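# below are the sequence and a predicted model; questions follow.
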Amino acid sequence: MTTHREPAPPNSTTDVVICGAGAAGLALAVDLARRDVAVLLVDRATEPFHGSRGKGIQPRSQEVFEDLGVLDRLAAAGGPYPRLRRVHREGGAHDTPVEQSEPTPGEPYQAGLLVPQFLTEAVLRERLAELGRNPRYGHELTGFDQDEGGVTARLSGPHGTYTVRARYLIGTDGGSSFVRRTLAIGFPGESLGARAIVADVRLEGLSSDAWHRWDEPPDEIGVCPLTGTDLFQIQAPIPLDGEVDLSAAGLTALLAARTGRRDIVVRSVSWASAYSMSARLADSYRVGRVFLAGDAAHVHPPTGGQGLNTSVQDAYNLGWKLAAVLAGAPERLLDTYEEERRPIAVGMLGLATSLLRTAREGGERRRGREVRQLDLHYRDSWLSLRTPARAAGAGLVAGDRAPDAPVVGAAGQPTRLFTLFQGTHWTLLGYDVDRGSAVQPRAGLHIHTVGRYGDISDSDGELQKGYGLSSGDWVLIRPDGYIGAIADNTANADNTDLSNYLHDVGLVMARRASGLAYRSGSGTSS
């Protein structure tokens, strides 16, 4: 009997090929798709990942997901972290409520969300489908070549091999990245001398109202209910060497040995993994037209819940820049991706490693403000326009995260800065200015003014307070929610600095014979 073999997909062209359909790849695909960039997302796995590995969504990532249009869905799929219940082997337990600060006008999200990774990725796939794209599972990148004009990717799918010609290729294919290895990019770092298991299970004997932890070394073990599911996640350190039984019976025995309880019974295992911890950082995030993002660029211990968040924010930084260059912005814009994101990864690796060391030494595993990622900045980037009046130490400066604030539209309806920022555009805010003093309008730039005859009102004063603005100030917000520039119109009446900046990032006016028309380096592309 002859088996019918369907032909491979035809050789084709696209703007961007993304290799790896995890959280970073999906977030990047969503960001590009909403900018009308043609994107192909492939993954060698035959089906989506179904584990909970990266389950914490930090406040800054919540802001990112709000902009991408999925935050409410994620909050509905998961929920807040449960209280921590420390259980003592000799009997008794005490509960610790989740530490959290109250939301502020500038920081609307203060607490992490607990959403199993497979649900986060499912929400992103749903959003991507709404934008007309879907991942190709079972399609493996087997090789690629690049030249000055683009990248030729060779792929193998269920029905054969084929090639795709793209302007850019992005490797979001994990710690063992094929893309990184093909580029021969070094991945130095160190093994941290720690090994652990993580498993998603259905079990009996524990309530789902708390994160149960037995913290007596060397027999620590934690069991966390996975909000939005009927599963629990088991986490435990294990010896550096030797096999570990990750079956239901094996995990039940491990729980009994470490908790002293025989009534906790694992009934089934949905997903499980044993892994050795290391901290590694790619020597470079880019070679020509090929980029790395997420775990392909950095791996680290899970302490502090930084991994998925840092990976998604890599994608969020890269997406708008790729779209801008594809639409005509200067190629130099792409150099800022590594310039901005690699130092963030250095800090993240240091934080996660420090928290792991504290935990291994039996110290209190407290997560401070640093894990929320709200204070990350790009002040040293060339995209951060320095002005004499906004030197370091003078409040917010270019490169800082742009805070939220409640405002009121001139028609009387309340709104927020984050609502004005949401989308693919840049935003220019003028505080107590004459709107006629703004830079010339152009595609990809939304202009709002505050004050007399302005289209928004800072009735509570939160915008002025949050940004430290004075009369005549203009604030330029990048598409990824960071401040590009703060300019004083009284010192620069024609806004030359801002006009030059916008030109440098591709937001330029183009004249046509029929009159004025505009093109934008951060707009859409076909």
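Good, I have the coordinates.
# helix or strand: which one has the residue most central in space within the chain?
By Cα atoms, centre = their mean, the chain has its centre lying nearest to residue 312, at 1.9 Å. Per DSSP states H and E: residue 312 is located in helix 307-326.
# for that helix, packing partners?
Identification of packing neighbours for helix 307-326 by 3 or more Cβ pairs under 8 Å, 6 or more residues apart in numbering; DSSP states H and E yields strand 12-19, helix 23-33, strand 56-57, helix 59-68, strand 160-171, helix 335-360. C-betas here are computed from N, CA, C, even on glycine.
# so how far is stretch 401-416 from its chain's centroid?
Centre-to-centre, stretch 401-416 and its host chain are 25 Å apart (Cα atoms, centre = their mean, to the nearest Å).
# that should have said stretch 475-482, apologies.
Using Cα atoms, centre = their mean, the distance from the centre of stretch 475-482 to the centre of the chain it belongs to is 16 Å.
# that stretch spans what distance, first to last residue?
Using Cα to Cα, to the nearest Å, the end-to-end distance of stretch 475-482 comes to 10 Å.
# for residue 316, see how far away the closest residue to residue 60 other than its chain neighbours is.
Nearest non-adjacent residue to residue 60, counting by Cβ to Cβ, 6 or more residues apart in numbering: residue 373, 3.7 Å away. Distance, residue 373 to residue 316, using Cβ to Cβ, to the nearest Å: 12 Å.
# repeat that for residue 444.
Using Cβ to Cβ, residue 444 is found at 17 Å from residue 316.
# likewise residue 122?
Distance, residue 122 to residue 316, using Cβ to Cβ: 19 Å.
# likewise residue 19?
Separation of residue 19 from residue 316 (Cβ to Cβ): 18 Å.
# now residue 402
For residue 402, the distance to residue 316 equals 14 Å [Cβ to Cβ].
# check residue 106 too.
Separation of residue 106 from residue 316 (Cβ to Cβ) stands at 19 Å.
# for residue 21, same thing?
Distance, residue 21 to residue 316, by Cβ to Cβ: 17 Å.
# and residue 188, by the same measure?
Using Cβ to Cβ, we find residue 188 at a distance of 26 Å from residue 316.
# between those two, which has more neighbouring residues?
It is residue 316, of residue 188 and residue 316, that has more neighbours when counted by other Cβ atoms under 10 Å, with 26 against 9.
# ok, now which ones touch the more buried one?
Contact analysis of residue 316 by Cβ atoms under 8 Å, 6 or more residues apart in numbering lists 27, 31, 64, 68, 480.
# state the pLDDT value of it.
According to the prediction, residue 316 has pLDDT 98.
# roughly how far does it sit from residue 310?
As judged by Cβ to Cβ, residue 316 and residue 310 stand 11 Å apart.
# swap in residue 84?
The gap separating residue 84 from residue 310 is 24 Å, by Cβ to Cβ.
# ok, the two, which is more surrounded?
Each of residue 84 and residue 310 has its neighbours counted (other Cβ under 10 Å); residue 310 has more, 28 against 19.
# and the more buried one, what's its pLDDT?
The model's pLDDT for residue 310 equals 94.
# tell me where the stretch 401-526 of the chain has strands.
Here the stretch 401-526 of the chain has its strands, by DSSP state E, counting those that start in this stretch, at 406-409, 414-416, 426-431, 445-450, 456-457, 473-477, 483-488, 509-512, 515-518.
# which one, of the ones you listed, ends up nearest to residue 358?
Ranking the strands of the stretch 401-526 of the chain by proximity to residue 358 (Cβ to Cβ) places strand 483-488 first, at 33.2 Å.
# I'd like to know which elements that closest one is packed against.
Counting by 3+ Cβ pairs under 8 Å, 6+ apart, strand 483-488 packs on strand 473-477, helix 496-504.
# pick the most deeply packed of the ones you listed.
Sort these by mean neighbour count, taking mean count of other Cβ atoms under 10 Å, and strand 473-477 sits at the top with a mean of 23.
# what's in contact with that one?
For strand 473-477, the surrounding residues in contact (Cβ under 8 Å, 6+ apart) are 385, 402, 421, 426-433, 438, 467, 469, 483-489, 495, 498, 501-502.
# mind running it again at 6 Å?
Applying Cβ atoms under 6 Å, 6 or more residues apart in numbering, the set of residues contacting strand 473-477 from outside is 402, 421, 427-431, 467, 484-489.
# the residues you listed: which two are farthest apart?
Comparing all pairs in the contacts of strand 473-477 by Cβ to Cβ, the longest separation belongs to 421 and 488, at 21.7 Å.
# between those two, point out the one with more neighbours.
Neighbour comparison, residue 421 and residue 488: the larger count goes to residue 421, with 23 against 19 (by other Cβ under 10 Å).
# so that one sits right up against residue 428, yeah?
No: the criterion here is Cβ atoms under 6 Å, and residue 421 misses it with residue 428 at 11.1 Å.
# list the buried residues in the helix holding residue 312.
Within helix 307-326, the residues scored as buried using 16 or more other Cβ atoms under 10 Å are 307-326.
# just want the angle from that helix to strand 12-19.
Orientation check (axes from the mean of the first three to the mean of the last three Cα atoms, to 10 degrees): helix 307-326 against strand 12-19 gives 150 degrees.
# low-confidence regions, the stretch 251-400 of the chain specifically.
Low-confidence segments of the stretch 251-400 of the chain (pLDDT under 70): 304-305, 359-368, 388-394.
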